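Novice: Turn this into a structure:
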Amino acid sequence: MTHARRTSLTAVIAIGALVLAGAGCGAGGPSPEQQAAVEEAVHGYLGALAMSYSTLDLSHLDGHASPVEIRNVRNLLQQLANSGDRLEATLVGIEITGVDIFREVNASVAVVEIWDLVRFDALIGREKGRTDGSVQSTLIQLRLIDGEWLVIGRHIVDRETGPELDDGGAEA
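Specialist: Sure thing, here's the model as predicted:
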């Protein structure tokens, strides 16, 4: 996905979240129990995402992400493989900066993620590059399905450090 397309998609999602909030869908804010459940789901997803990147095993995302989100991660891993790379991703820190819950079953979470990333040659295992402390602001969309919060989308809104995947860098 090109940077321009990613930026447009992010803008559409952010505007959609603002419209829903403005329409009163999140009036009163989430209850402490709802917020805790959503935050726990975000932490679980990001831990599973790091494991999936590092092991190339998408089964870590089961129970944390929707089939569509798992497909999106698979596509990113395929992009890495096609470039001859493998990524080892370590989630160093998470700061949740905002939680909105709409109609009791949809949530939007603003997150600052800090990642240490190491890129390896997929064939010989030689380290090709390292980015410690890559800071990414993300918007994570969740949906309550059968009593469980599942991530249906994760979008990078801003990146303070670290290169982009499209430019040959690493994206967590």
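
Novice: contacts, neighbours, all on C-alpha from now
Specialist: Noted.

Novice: just for the chain, where's the confidence low?
Specialist: For the chain, applying pLDDT under 70 flags the ranges 1-28, 161-172.

Novice: In contact with the residue minimising distance to the centre of it: list those residues for me.
Specialist: The centroid of the chain falls nearest to residue 154 when counting by CA atoms, centre = their mean (3.8 Å). By CA atoms under 8 Å, 6 or more residues apart in numbering, the contact list for residue 154 reads 69, 138-141.

Novice: repeat that for 7 Å
Specialist: The neighbourhood of residue 154, defined by CA atoms under 7 Å, 6 or more residues apart in numbering, consists of 138-141.

Novice: before we move on, what SS does residue 30 have?
Specialist: coil (DSSP: H, G, I helix; E, B strand; the rest coil).

Novice: Once you drop chain neighbours, what's closest to it?
Specialist: Counting by CA to CA, 6 or more residues apart in numbering, residue 101 is the residue found nearest to residue 30 once chain neighbours are left out, at 5.8 Å.

Novice: again with residue 68
Specialist: residue 152 (6.7 Å).

Novice: and the one you found, how many neighbours?
Specialist: 20 (other CA atoms under 10 Å).

Novice: Distance of it relative to residue 142?
Specialist: 5 Å (CA to CA, to the nearest Å).
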